[in-house]
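**Student:** Kindly generate the corresponding structure for this input.
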Amino acid sequence: MKATLLERLVCPVCGERLTLAPPEEGLACAGCGRAYPIVAGVPRLLPDRHPEAEVTVSTRRRYDFAWRRFGAREIQESWEKDSIAYLSLIPRDLFGGPGAVGLEAGCGGGADLRRLGATAAEIVGVDVSAGVESARMATAHLPNVHVVQADIRRLPFAPGTFDFAYSFGVLHHLARPLEGMRALARLLKPGAPLVTYLYDDFADRTRAERAALTAVRAARTVTSRLPAGVLLPLCWLGVPLVWTAFSVPARLLRRRLPRVAARLPFRHTLRWPVLASDLFDRFSPRMEHRYSRQGVIALYRAAGFERVETRPYRGWVSWGFKSHEGGA
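**Tutor:** Okay, the predicted model is just below:
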């Protein structure tokens, strides 16, 4: 753990500052007496008990499984992921510059965290899963990047700590996304931006696309309850179908019929491991919320943000700025 991170951490339960516990093997809270380990250089700030623990633990275990298999490979093999395209839609000045401090809430295996770390800002990546281990290895060479294991609803930072926050594909998997967004708002300085990616509700899609979404959501009621060790092989079995039906046609059509290609799922890659990882991510989470453009704007406003903008890309890439009145 980098020493500068300690200055920013507080106990996720009582909010008091943390200190290194002798012999520097963990963190201790003087306020409530809790102790938190530091494992493989990553502070593990997960309270024993918190609301919705069953769902959180289930989600954490599934993503532990996924990131330990895919996290390092995604970075080492430069997987084609949608987040690269999403980042290209976001004004770079939202990510601050020298002296700015940013938060990535839900950093997973660290692919986006590594890209954000290339900016001049100091970045803290947080995830509830074992993806933090891949994230730390991927960013260990960047002195301005920190990694913490914590729950997005009980983040271990004081109010007003950050100059910006980024959360890609995370909030829509919470039982109550507004609660998570408000938790992030509390950590931002007045006027600071929150950048998110949220799923589209398909309200303006074709009847066939809406039917496909309905079928996928019905299937996920079963797949999200399968053991991760069973679900992943099933995803591998589905890869040839997805590759043949979507990935290859999208590659063939993208020059002559770009609008058609742009509507096909799984168009971003031909590599089978990437598709297997994407399928696991698609069919694994128990919770999933979807939004229209107006729904995204309403969510931001309810959390205390203003000047909200959205960009469509297989969902909504959006940002808004924390109200100077302090937010919700």
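
**Student:** okay, which residue is most central for the protein?
**Tutor:** Relative to the mean C-alpha position of the chain, the nearest C-alpha, by CA atoms, centre = their mean, is the one of residue 106, at 3.3 Å.

**Student:** neighbours of the closest residue in space to that one that isn't next to it in sequence, just the number please.
**Tutor:** Nearest non-adjacent residue to residue 106, counting by CB to CB, 6 or more residues apart in numbering: residue 170, 3.3 Å away. In short, each C-beta sits where N, CA and C put it, glycine included. By the other CB atoms under 10 Å criterion, the neighbourhood of residue 170 contains 23 residues.

**Student:** Look up how far residue 108 lies from residue 170.
**Tutor:** 9 Å (CB to CB, to the nearest Å).

**Student:** Same check on residue 91?
**Tutor:** Relative to residue 108, residue 91 is positioned 23 Å away (criterion: CB to CB).

**Student:** who's more crowded, those two?
**Tutor:** Higher neighbour count among residue 91 and residue 108: residue 108, with 26 against 10, using other CB under 10 Å.

**Student:** these two touch, right, the more buried one and residue 129?
**Tutor:** Yes. Between residue 108 and residue 129 a contact is recorded at 7.3 Å, counting by CB atoms under 8 Å.

**Student:** Wait, the residue nearest to residue 106 touches residue 151, no?
**Tutor:** No. The pair residue 170 / residue 151 is not scored as a contact, 11.2 Å apart, by CB under 8 Å.

**Student:** Can you pull the residues that touch both of those two?
**Tutor:** Any residue near both residue 170 and residue 151 by CB atoms under 8 Å, 6 or more residues apart in numbering counts here, and not one turns up.

**Student:** circling back: look up how far residue 70 lies from the residue nearest to the centre of the chain.
**Tutor:** The spacing between residue 106 and residue 70, counted by CB to CB, is 15 Å.

**Student:** Flag the shaky bits of this structure, pLDDT-wise.
**Tutor:** Across the chain, the stretches falling below the confidence threshold (pLDDT under 70) are 23-24, 48-61, 63-64, 67, 69, 71-84, 120, 326-328.

**Student:** Do you have the helices of it handy? List them.
**Tutor:** 3-6, 53-76, 82-88, 111-116, 131-139, 177-187, 207-223, 228-242, 248-253, 258-262, 272-283, 293-302 (DSSP state H).

**Student:** for those, which one sits closest to residue 40?
**Tutor:** Taking CB to CB as the measure, these were each checked against residue 40, and helix 131-139 came out nearest at 5.7 Å.

**Student:** For that closest one, name the packing helices and strands.
**Tutor:** strand 42-43, helix 53-76, helix 111-116, strand 122-127, strand 145-149 (3 or more CB pairs under 8 Å, 6 or more residues apart in numbering; DSSP states H and E).

**Student:** Please name the strands paired to the first one in the sheet, noting orientation.
**Tutor:** In other words, strand 42-43. Sheet neighbours of strand 42-43, with direction, are listed as strand 35-39 (antiparallel) (DSSP bridges).
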